[in-house]
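Q: take a look and give me a structure for this.
(4 chains)
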Protein chains: 2
Amino acid sequence: MQKFIKNQLKQKGFKMTNQRKMILQVLENTDTCLSAEEIFMLVKDINPSVCLTTIYRTIEILIKNNLLTKIDVGDNRYRYEIRTNKHHHHAVCLKCKKMICLEGCPMDYFEKQIKDKVNFTITGHRLEFYGYCLECK
Amino acid sequence: MQKFIKNQLKQKGFKMTNQRKMILQVLENTDTCLSAEEIFMLVKDINPSVCLTTIYRTIEILIKNNLLTKIDVGDNRYRYEIRTNKHHHHAVCLKCKKMICLEGCPMDYFEKQIKDKVNFTITGHRLEFYGYCLECK
DNA sequence: GGGTAATTGCAAATGGTTTGCAATTAGATG
DNA sequence: CATCTAATTGCAAACCATTTGCAATTACCC
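A: Residues are numbered from 1 along each chain as shown, chains lettered A, B, ... in the order given. Here you go, the predicted structure:
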């Protein structure tokens, strides 16, 4: 997976710097979605001389190349998740904002309906469930 | 509808000020979701002596009382929509950010599935479709 | 190993949202 | 209808996630 992203970036002419390697490593070794600040902290644990700006700039590149997804949970800060080949959705805890990955998607037939009714070209969708996780409820 | 919201607020001990009336009027006379800034501008057209802070504070009250919904489209600014009794979703244009209301929801049976699989208490969900509207495509 | 364009770190700017506070106002009470 | 009081407002400033400008550094093609 790492490999795939690295190749994608290299192919588009981006340099594989240490900072980018570390950011990718952090993004891949998590099971939730991380905010820029959280990525920053985790990368700092590996190498303290990184700056937040670099995190944001790397995020930007990854998003523009469809390698990362930006997700909003309603607290004025985005969270990011490496884009997997497995299309999926999340359950978001309203209290701690933890994001639990869910498998599957019931949208496919719905999209078709919409395409016919509204004159709108659908390129994707985003589905989040809100509620309380085991610890918070 | 106006009436309903006013009653709800009054019932909870909030005062029905001119500012709040204007904000509600603006929110009710639109067919898209408005950002705080957009609400501000529209309210200003009615009475120029309102300030953005009041918009934000009213939004906060409405959200806390389940009368307004906050929606993210990925451009660092929230949009707001009066909460109707009709549960629905949106198609969001990736270019102009216009939000087209859609009827229906294919989620109900999916929620049940999730409740059983993951240990998570679902209180709601949010579904947005992304793509390009007629004018932008 | 040298050259060059991409990348980084730093500091400062940006922009949406929030907060503190003194002045104003809605609406209950008499 | 006037008074009183707590809620609300406007203003200015703070806050904080994200973005930008720029000079110094680095990846990587030759």
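Q: shouldn't A:Cys96 be in contact with A:Glu135?
A: Yes. Counting by CB atoms under 8 Å, A:Cys96 touches A:Glu135, with 7.2 Å between them. C-beta here means a position set from N, CA and C on the backbone, and glycine is covered the same way.
Q: now the strands for chain A?
A: In chain A, the strands defined using DSSP state E lie at A:34-35, A:68-72, A:78-82, A:89-93, A:99-102, A:120-133.
Q: need these in CSV (columns: mean pLDDT, mean neighbour count and distance to B:Leu127).
A: As requested, the strands of chain A are exported to CSV (pLDDT from 0 to 100; neighbours: other CB atoms under 10 Å in any protein chain shown; distance: least, CB to CB, whole Å):
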stretch, mean pLDDT, mean neighbour count, distance to B:Leu127
strand A:34-35, 96, 18, 23
strand A:68-72, 93, 18, 13
strand A:78-82, 95, 19, 17
strand A:89-93, 84, 24, 9
strand A:99-102, 82, 19, 13
strand A:120-133, 80, 19, 5
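Q: export those strands to a markdown table and tack on distance to chain B?
A: Putting these into a markdown table (distance: least, CB to the nearest CB, whole Å) gives the following:
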| stretch | distance to chain B |
| --- | --- |
| strand A:34-35 | 13 |
| strand A:68-72 | 3 |
| strand A:78-82 | 8 |
| strand A:89-93 | 5 |
| strand A:99-102 | 6 |
| strand A:120-133 | 4 |
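Q: out of those, nearest to DNA strand D?
A: Of all those, strand A:78-82 sits nearest to DNA strand D, with 3.7 Å by CB to the nearest atom of the strand.
Q: what's the neighbour count on A:Asn18?
A: Using other CB atoms under 10 Å in any protein chain shown, A:Asn18 has 11 neighbouring residues.
Q: so it makes contact with A:Asn47?
A: Yes. Between A:Asn18 and A:Asn47 there is a contact under CB under 8 Å: 7.1 Å.
Q: export the strands of chain A as TSV, with columns for distance to B:Arg83.
A: TSV is the format used below for these (distance: least, CB to CB, whole Å):
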stretch	distance to B:Arg83
strand A:34-35	27
strand A:68-72	18
strand A:78-82	24
strand A:89-93	18
strand A:99-102	24
strand A:120-133	14
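Q: wait, which of those strands is closest to B:Ile100?
A: Nearest to B:Ile100, of all the strands of chain A, is strand A:120-133, at 6.3 Å by CB to CB.
Q: parallel or antiparallel, list what pairs with the closest one.
A: strand A:89-93 (parallel), strand B:120-133 (antiparallel) (DSSP bridges).
Q: neighbours around A:Val43, how many?
A: 24.
Q: OK, contacts around it?
A: A:Gln19, A:Met22, A:Ile23, A:Val26, A:Val50, A:Ile55 (CB atoms under 8 Å, 6 or more residues apart in numbering or on different chains).
Q: ok, the second one to A:Thr30 distance?
A: Distance, A:Met22 to A:Thr30, by CB to CB, to the nearest Å: 13 Å.
Q: if you count what's nearby, which of these two comes out ahead?
A: A:Met22 (21 against 15).
Q: my read is that the more buried one contacts A:Asp45, right?
A: No. Using CB under 8 Å as the test, A:Met22 is too far from A:Asp45 to be in contact (9.4 Å).
Q: related to what we said a few turns ago, dump the strands of chain A into a markdown table; add distance to DNA strand C as well.
A: As requested, the strands of chain A are exported to a markdown table (distance: least, CB to the nearest atom of the strand, whole Å):
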| stretch | distance to DNA strand C |
| --- | --- |
| strand A:34-35 | 15 |
| strand A:68-72 | 10 |
| strand A:78-82 | 12 |
| strand A:89-93 | 17 |
| strand A:99-102 | 20 |
| strand A:120-133 | 17 |
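Q: of all those, which lies closest to B:Arg77?
A: strand A:68-72 (10.6 Å).
Q: does stretch A:48-61 reach DNA strand D?
A: Yes. Interface with DNA strand D: stretch A:48-61 contributes A:Leu52, A:Thr53, A:Tyr56, A:Arg57, A:Ile59, A:Glu60 (CB under 7 Å from any atom of the strand).
Q: if you rank those by neighbours, which is first?
A: A:Ile59 (19 neighbours).
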